[in-house]
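[1] Here you go, sequence then predicted model.
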Protein chains: 2
Amino acid sequence: MKRPTIADIAQRAGVSKGAVSYALNGQPGVSESTRRRVLAIAKEIGWNPNGAARALSGAPSDTIGMVLRRPARILGVEPFFMELISGVEAELSARSYALTLQVVADQAAEIEVYRRWWGERRVDGVLVCDLRVDDPRITALADLSLPTVVVGSLGEVAGLVSVWSDDAAPVVEAVEYLNALGHRHIARVGGLPDLRHTAVRTEAFEEVCRRLNVEPALTIPTDYTGEDGARATRRLLSSPRRPTAILYDNDVMAVAGLAVAHEMGFSVPGDVSLVAWDDSVLCQLVHPPLTAMSRDIPAYGGHAARRLLDVIAGGSVASLQDVAAHLIPRGSTAAPAPRA
Amino acid sequence: MKRPTIADIAQRAGVSKGAVSYALNGQPGVSESTRRRVLAIAKEIGWNPNGAARALSGAPSDTIGMVLRRPARILGVEPFFMELISGVEAELSARSYALTLQVVADQAAEIEVYRRWWGERRVDGVLVCDLRVDDPRITALADLSLPTVVVGSLGEVAGLVSVWSDDAAPVVEAVEYLNALGHRHIARVGGLPDLRHTAVRTEAFEEVCRRLNVEPALTIPTDYTGEDGARATRRLLSSPRRPTAILYDNDVMAVAGLAVAHEMGFSVPGDVSLVAWDDSVLCQLVHPPLTAMSRDIPAYGGHAARRLLDVIAGGSVASLQDVAAHLIPRGSTAAPAPRA
DNA sequence: CCTGGCTGCTGAACCGGATAAGTGGATAGA
DNA sequence: TCTATCCACTTATCCGGTTCAGCAGCCAGG
């Protein structure tokens, strides 16, 4: 089956390629009757615009890109990313935009992909996640002037629009809550230390603990995986000054931590209270259900996608501070048992 | 920053566009010294091939497509799809192929997307999921002769390569296992009735139940969502002849069913045994952990992607029967309590 | 010395649209 | 009646590559 082109339509309609192009694009320059005839023929012979040809003439690709830098097989069990992507897709599909995903191994490869996409005009813009404390992607993308929206926790990045939520306030809320329950020894299982939002959370955690006299405010860094979260939990629960409450930087680690607590014979929340960050179904399904810092991640992704489309459209777009996560108390937190 | 083209390279190198094209593509027709000079200049000025221009001359897009027909926001909590996609990505990213996802509302829209992608040469091939009993997508894709691999439970579909796994054997395995434990009244919470693999499972379920004298072999159809699974479970557990074991067609429904059992005061596995299909982390994290029909979904996706790349490459590719799911017994199944 | 073949390159057509510039005819205004 | 304007097109060019035909220049063989 040969793909019909506007030349085929032109021949059938007895007009020139140019006229067909005007007709199909709703441009002035053809009579209403000719336009109708052209449209009818186009439909009849099943014509579709050739994106490559359009792109060659400078048209957008109606695709946005997202590069994920993590082992591809991990993706399936990473609720945050999947919910984010589903929110992005919801926004995009409503506008017939497509999403191109590419998984890469390291930062150099990620920048290389941006460069290639830009050179190939394969995407109209990109969403960037997991901002590092000092992130070379920012300058690279600025150099390319590829429309970009940063998804992550920060106000402004040199000229780039970002969609972010306050990471400090939820930490404060959680620690104050635990403190009010009577906890005086709270530890945290943090994410990758060089991610910006991890740094923000760590600082907020240390500050609120200092203020409330909850010391030491120990944060154990992890790579966000369940395994690392389990390891950190095991270490915390084995220490001589065992914390009575643990904050986790994501839900996967919190769930893994809960399993460790059970495995070591500690009761939750009797012996130790647990708080998760990000509230996927996981948190609600385990026993006891986990108290969590909840936010609407699909909405978050949707906002980011919307902003990116606005940037692509050329509007002057302001960064958006999305609603911060807020504490949803469930069965994994309670007052600490009086120490023997 | 203006994107460099081969014309820029040609000018710098003092040769023609054609020579540059040959040099860059490793084609014969230029001397080794010229080739090296051209490559050096290309690298120096940061040249990238323009995919649109290449595509216009018939080059592949190095992208495969996948259309998902379900509410976008559901995706994030649908472990099967996310694991499948992560497996596909793992295979693709190793070959620098990209994956384009598009979420649509209905079948007509899905076929329309295929047609558009084909017309626009936007993808080199597609992966098709969730085959229906009588599926118009098959003929549509055959008409377009768009390279296609069907992911799902069936042997051969008119000329299309498929990657599938036996859906009947695991059902038999599960029912025989439950029967051996002493269960004589087993119900099933099934998926969408017009999906092919649902039909296969339903038939296998009814047949093995008949053979083992486990009657009635009731299957309640659902739309695969947790809510529907909960509803079906509530109905089963409220019926006068309450089943002592329930088989679920996915993990989300099984987990939801477990919550319903708890909510209604039934003990699992004391009062009712539960078996999930597809074994994501969900099943291992709930209490009790769910006995599940487990299979390596990322590997499944990887095989499908690999097959699709082979089809695109033009090889004669055979369909692949992947390993079937097999039963992993966990805490949610036990012998039924003797009836009062 | 002429012919034939090979090497290494050039020039131009081509892919399928978008679009600026040009054209012929009808119409309106002076 | 002559010009200006507009309409509805056509023609030609461009986008950035790929590819094919052609063409010098060189070398080998007869």
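    Yep, that arrived.

[2] Show me where the stretch 51-200 of chain A has its helices.
    Secondary structure of the stretch 51-200 of chain A (DSSP state H, counting those that start in this stretch): helices located at A:51-56, A:79-93, A:107-120, A:136-144, A:168-181, A:196-212.

[3] what's the most buried one of these?
    helix A:79-93 (a mean of 24; mean count of other C-beta atoms under 10 Å in any protein chain shown). Any C-beta I mention is one placed from the backbone N, CA and C, and that applies to glycine too.

[4] That helix vs helix B:107-120, what angle?
    80 degrees (axes from the mean of the first three to the mean of the last three C-alpha atoms, to 10 degrees).

[5] For chain B, find the nearest of the helices of the stretch 51-200 of chain A.
    In this view, the helices of the stretch 51-200 of chain A are compared for proximity to chain B by C-beta to the nearest C-beta, and helix A:107-120 is the closest at 2.3 Å.

[6] The helices of the stretch 51-200 of chain A into CSV, with extra columns for distance to DNA strand C and mean pLDDT?
    Output for the helices of the stretch 51-200 of chain A, formatted as CSV (distance: least, C-beta to the nearest atom of the strand, whole Å; pLDDT from 0 to 100):
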stretch, distance to DNA strand C, mean pLDDT
helix A:51-56, 3, 85
helix A:79-93, 21, 87
helix A:107-120, 15, 86
helix A:136-144, 22, 87
helix A:168-181, 47, 96
helix A:196-212, 40, 94
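
[7] Please identify which of those helices is closest to B:Glu173.
    Smallest distance to B:Glu173 across the helices of the stretch 51-200 of chain A (C-beta to C-beta): 29.6 Å, for helix A:79-93.

[8] Could you name the helices and strands sitting against the closest one?
    Judged by 3 or more C-beta pairs under 8 Å, 6 or more residues apart in numbering or on different chains; DSSP states H and E, helix A:79-93 is in contact with strand A:63-69, strand A:98-104, helix A:251-263, helix A:297-313, strand B:98-104.

[9] count of neighbours near A:Ala313?
    Neighbour count for A:Ala313, taken as other C-beta atoms under 10 Å in any protein chain shown: 12.

[10] confidence score at it?
    A:Ala313 is assigned 86 on the pLDDT scale.

[11] what do you get for the one 3 residues further on?
    We note a pLDDT of 83 for A:Ser316 in this prediction.

[12] can you tell me which helix or strand it belongs to?
    Counting by DSSP states H and E, there is no helix or strand that carries A:Ser316.

[13] what's the distance between it and B:Glu176?
    Using C-beta to C-beta, to the nearest Å, one gets 66 Å for the distance from A:Ser316 to B:Glu176.

[14] A:Leu320 is nearest to which of the helices and strands packed on helix A:79-93?
    Per C-beta to C-beta, nearest to A:Leu320 of the helices and strands packed on helix A:79-93: helix A:297-313, 5.8 Å.

[15] close to chain B, is the closest one?
    Yes - using C-beta under 8 Å from any C-beta of the partner chain, a contact is recorded between helix A:297-313 and chain B, made by A:Ile297, A:Pro298.

[16] May I see the buried residues of that helix?
    Under the neighbour-count criterion of 16 or more other C-beta atoms under 10 Å in any protein chain shown, helix A:297-313 has A:297-312 buried.

[17] go on, stretch A:39-48?
    Result for stretch A:39-48 [16+ other C-beta under 10 Å]: buried residues A:Leu39, A:Ile41, A:Ala42, A:Trp47, A:Asn48.

[18] isn't there a helix covering the last one?
    What it means is A:Asn48. No - per DSSP: H, G, I helix; E, B strand; the rest coil, A:Asn48 lies outside any helix segment and is coil.

[19] Give the closest residue to it in space, chain neighbours not counted.
    Spatial nearest neighbour of A:Asn48, chain neighbours left out: B:Gly119 (2.3 Å); criterion: C-beta to C-beta, 6 or more residues apart in numbering or on different chains.

[20] got a list of what that neighbour touches?
    Neighbour list for B:Gly119: A:Arg3, A:Trp47, A:Asn48, A:Pro49, A:Asn50 [criterion: C-beta atoms under 8 Å, 6 or more residues apart in numbering or on different chains].

[21] doesn't B:Glu120 make contact with the fourth one?
    Yep, that's A:Pro49 we're talking about. Yes - counting by C-beta atoms under 8 Å, A:Pro49 touches B:Glu120, with 6.5 Å between them.

[22] Name the next helix or strand downstream of the lowest-mean-pLDDT helix or strand in chain A, please.
    The weakest-scoring helix or strand in chain A, judged by mean pLDDT, DSSP states H and E, is helix A:281-285 (a mean of 79). Next along the chain after helix A:281-285, taking DSSP H and E as the criterion, comes strand A:291-294.

[23] What is that following strand packed up against?
    Strand A:291-294 packs on helix A:168-181, strand A:273-277, strand A:326-328, going by 3+ C-beta pairs under 8 Å, 6+ apart.

[24] Of all those, which one is nearest A:Ile64?
    Shortest separation from A:Ile64 across the helices and strands packed on strand A:291-294 is recorded for strand A:273-277, at 26.8 Å, computed as C-beta to C-beta.

[25] strands paired with that closest one, and their directions?
    According to DSSP bridges, strand A:273-277 forms sheet pairs with strand A:245-248 (parallel), strand A:291-294 (parallel).

[26] Residues touching it, excluding its own?
    Outside strand A:273-277, the residues that touch it by C-beta under 8 Å, 6+ apart are A:170, A:174, A:178, A:181, A:183, A:244-251, A:253-255, A:257-258, A:261, A:268, A:283, A:290-293, A:325, A:327, A:332-334, A:336.

[27] Render the CA-only coordinates of that strand in CSV, please.
    Output in CSV follows, covering the C-alpha atoms of strand A:273-277 (Å, rounded to 0.1, in the frame of the first residue of the first chain):
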residue,chain,number,x,y,z
SER,A,273,7.0,4.5,64.0
LEU,A,274,7.5,4.7,60.2
VAL,A,275,6.7,7.6,57.8
ALA,A,276,6.9,7.2,54.0
TRP,A,277,7.4,9.9,51.5
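
[28] any idea how far it is from the chain center?
    Centre-to-centre, strand A:273-277 and its host chain are 21 Å apart (C-alpha atoms, centre = their mean, to the nearest Å).

[29] Give me the number of neighbouring residues for A:Gly29.
    A count of neighbours around A:Gly29, defined by other C-beta under 10 Å, yields 12.

[30] Now do the contacts for it.
    Residues near A:Gly29 by C-beta under 8 Å, 6+ apart: A:Ala19, A:Tyr22.

[31] if I look at it, how far off is B:Leu218?
    From A:Gly29 to B:Leu218 the distance is 66 Å (C-beta to C-beta).

[32] again, but for A:Ile186
    Distance, A:Ile186 to B:Leu218, using C-beta to C-beta: 50 Å.

[33] likewise A:Pro49?
    Counting by C-beta to C-beta, the gap from A:Pro49 to B:Leu218 is 51 Å.

[34] and what of A:Pro298?
    35 Å.

[35] can you check A:Val275 too?
    Plainly put, A:Val275 is 42 Å away from B:Leu218 if you go by C-beta to C-beta.

[36] Also A:Pro71?
    For A:Pro71, the distance to B:Leu218 - C-beta to C-beta - is 42 Å.

[37] swap in A:Gly270?
    41 Å.

[38] between these two, which one's more packed in?
    Ranked by neighbour count (other C-beta under 10 Å), A:Gly270 and B:Leu218 place B:Leu218 first, with 19 against 12.
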